[in-house]
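Asks: Quick check, what structure comes out for this input:
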Amino acid sequence: MVEWTAAERRHVEAVWSKIDIDVCGPLALQRCLIVYPWTQRYFGSFGDLSTDAAIVGNPKVAAHGVVALTGLRTALDHMDEIKSTYAALSVLHSEKLHVDPDNFRLLCECLTIVVAGKMGKKLSPEMQAAWQKYLCAVVSALGRQYH
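Replies: Alright, predicted model coming up:
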């Protein structure tokens, strides 16, 4: 279980309050697929991902980015039980989809870059530290089935 201070909880909530899931979700997934092209192998049914422009213009990529961030947002309401919150998703990604668990970390890194770009100097070092802790907890929970 992750221990959260009151300040960390406030910082994570503050970051989420600045995130537009419909904008940041697609941007984070697009960045992940472009910067880490091997992650594209899990999205064969999404159509053309052959170029950066194709990825950015792909509505299935955008929609899945929203789904991913909506799922990530779920942890905010369950910060004291993140592992159990993501147990079913961990099983799905491990046993059915066979997703490399490191891809969760890569997507979260891309999301942090998107969020930092949107927030600029409003993302204080303390906020970023709490945000990173939050993302690490979710990534750990999603990868739990693999261990």
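
Asks: Tell me the spatial nearest neighbour of the residue nearest the centre of the chain, not counting adjacent residues.
Replies: Nearest residue to the geometric centre of the chain (C-alpha atoms, centre = their mean): residue 108, 4.2 Å. The shortest distance from residue 108 to any non-neighbouring residue, by C-beta to C-beta, 6 or more residues apart in numbering, is to residue 135 (4.2 Å). In this view, the C-beta of every residue, glycine as well, is placed from N, C-alpha and C.

Asks: ditto for residue 52
Replies: Nearest one to residue 52, counting by C-beta to C-beta, 6+ apart, is residue 34 at 5.2 Å.

Asks: The one you found and residue 28: what is the separation?
Replies: According to C-beta to C-beta, to the nearest Å, residue 34 and residue 28 sit 11 Å apart.

Asks: of the two, who's got more company?
Replies: The neighbour count for residue 34 versus residue 28, taken as other C-beta atoms under 10 Å, is higher for residue 28 (26 against 17).

Asks: which residues does the more buried one contact?
Replies: Contacts for residue 28 (C-beta atoms under 8 Å, 6 or more residues apart in numbering) come out as 65, 68, 69, 107, 110, 111, 113, 114.

Asks: rerun that using 6 Å as the cut-off
Replies: Residue 28 sits next to 110, 111, 114 when contact means C-beta atoms under 6 Å, 6 or more residues apart in numbering.

Asks: Would you mind measuring from the closest residue in space to it that isn't next to it in sequence to residue 22?
Replies: Spatial nearest neighbour of residue 28, chain neighbours left out: residue 111 (4.0 Å); criterion: C-beta to C-beta, 6+ apart. Distance from residue 111 to residue 22, counting by C-beta to C-beta: 14 Å.

Asks: Have a look at those two and say which one is more surrounded.
Replies: In this view residue 111 and residue 22 are compared by other C-beta under 10 Å, and residue 111 has more residues nearby, 24 against 13.

Asks: Quick check: the residue nearest to residue 28 vs residue 138, distance?
Replies: Going from residue 111 to residue 138 by C-beta to C-beta gives 10 Å.

Asks: Give me the next element, helix or strand, following the lowest-mean-pLDDT helix or strand in the chain.
Replies: Ranking every helix and strand in the chain by mean pLDDT, DSSP states H and E puts helix 87-91 at the bottom, with a mean of 73. The helix or strand immediately downstream of helix 87-91 is helix 102-119, counting by DSSP states H and E.
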